[in-house]
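In: Quick check, what structure comes out for this input:
(2 chains)
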Amino acid sequence: GAVVSQHPSWVICKSGTSVKIECRSLDFQATTMFWYRQFPKQSLMLMATSNEGSKATYEQGVEKDKFLINHASLTLSTLTVTSAHPEDSSFYICSAGSGGAYEQYFGPGTRLTVT
Amino acid sequence: AQRVTQPEKLLSVFKGAPVELKCNYSYSGSPELFWYVQYSRQRLQLLLRHISRESIKGFTADLNKGETSFHLKKPFAQEEDSAMYYCALSGGGSEKLVFGKGTKLTVNP
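Out: This next block holds a predicted model:
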């Protein structure tokens, strides 16, 4: 089956620094990747849709300058949390779609803690 | 607007009992409905989708457009079914998923 990996699985950073999270589709090409945020005991909230070779589409209320998304290849999308603050601490999950199948394959998530 | 409602945050049943996890949706067009499951310490994975009309691990779900529901059912719950279940919707040709808040199912021995 299709596998999506995320790196790192967890990261602790200081307030004001930037953190990059990678999302890779290991055995298929992903034309579209999605970035979600999940607060403790809450559902996944879509942050943005990442399309290979074009700008990401952000959901309403998500700061595009704070959450930079790059989808430079069909197997890699990155999310950079810039100038992180403690309120950015969360579980970030990516998923990848192979296009047209309406099925998304999820990564294991990245736990970000900003101190 | 697209919205998915899972009215039960927690659901607890005994092994062998029937289980139904409720999901209602709001969408003006023809939606694609999914159930995703997240077992403890594992990633989210697709359980089933309405277009395939298949049964996975004994679970079934029927799309009821009149009631705008997509309830997940299993006649005899097993302990290994204990997990977090999310109902999700996509529509309009988009791959974007809108998730419900999830229901935590616990199957007691």
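
In: got the contact list for the closest residue to A:Asn51 other than its chain neighbours?
Out: Leaving aside its chain neighbours, A:Asn51 sits nearest to A:Thr32 (5.7 Å; criterion: C-beta to C-beta, 6 or more residues apart in numbering or on different chains). Quick note: C-beta positions are derived from backbone N, CA and C, even for glycine. Counting by C-beta atoms under 8 Å, 6 or more residues apart in numbering or on different chains, A:Thr32 touches A:49-52, A:96-97, A:99, B:95.

In: and what of B:Gly102?
Out: A:43, B:6, B:9, B:84-86.

In: So A:Pro8 sits against A:Pro108, correct?
Out: No: proximity of A:Pro8 to A:Pro108 does not meet the contact threshold set by C-beta atoms under 8 Å, at 10.7 Å.

In: Let me see the confidence value for residue 56.
Out: Reading this off chain A. Listed pLDDT for A:Ala56 reads 91.

In: actually chain B
Out: Model confidence at B:Ile56, given as pLDDT, is 83.

In: Next, the buried residues of stretch B:98-109.
Out: Residues B:98-105, B:107 are the ones in stretch B:98-109 that count as buried (16 or more other C-beta atoms under 10 Å in any protein chain shown).

In: And the residue nearest to A:Asn51, what's its pLDDT?
Out: Note on A:Thr32: pLDDT of 88.

In: And for the residue most central in space within chain A, nearest residue in space, chain neighbours not counted?
Out: By C-alpha atoms, centre = their mean, the mean C-alpha position of chain A lies nearest to A:Trp35, the distance being 3.6 Å. Once flanking residues are discounted, A:Trp35 sits nearest to A:Met47: 4.6 Å by C-beta to C-beta, 6+ apart.

In: element containing the one you found?
Out: Using DSSP states H and E, A:Met47 sits within strand A:44-51.

In: Parallel or antiparallel, which strands does that strand pair with?
Out: Next to strand A:44-51 in the sheet, as set by DSSP bridges, lie strand A:32-38 (antiparallel), strand A:57-58 (antiparallel).

In: and those strands, which is most packed in?
Out: Ranked by mean neighbour count, these are led by strand A:32-38 with a mean of 24 (mean count of other C-beta atoms under 10 Å in any protein chain shown).

In: Only alpha carbons, please: show that strand as CSV.
Out: The C-alpha coordinates for strand A:32-38 follow below in CSV (Å, rounded to 0.1, in the frame of the first residue of the first chain):
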residue,chain,number,x,y,z
THR,A,32,-1.5,16.8,-4.0
MET,A,33,-0.5,16.8,-0.4
PHE,A,34,-2.5,18.2,2.5
TRP,A,35,-1.3,19.6,5.8
TYR,A,36,-3.5,19.2,8.9
ARG,A,37,-3.2,20.3,12.5
GLN,A,38,-4.6,18.3,15.3
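
In: now the strands paired with strand A:44-51 as TSV including distance to A:Leu112?
Out: Converted to TSV, the strands paired with strand A:44-51 look like this (distance: least, C-beta to C-beta, whole Å):
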stretch	distance to A:Leu112
strand A:32-38	9
strand A:57-58	18
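
In: got the contact list for residue 77?
Out: Let's take chain A. The contact partners of A:Ser77, by C-beta under 8 Å, 6+ apart, come to A:22-23, A:30, A:33, A:35, A:50, A:69-71, A:94, A:96.

In: hm, I was asking about chain B
Out: Taking C-beta under 8 Å, 6+ apart as the test, what B:Ala77 contacts is B:13-19, B:105, B:107.
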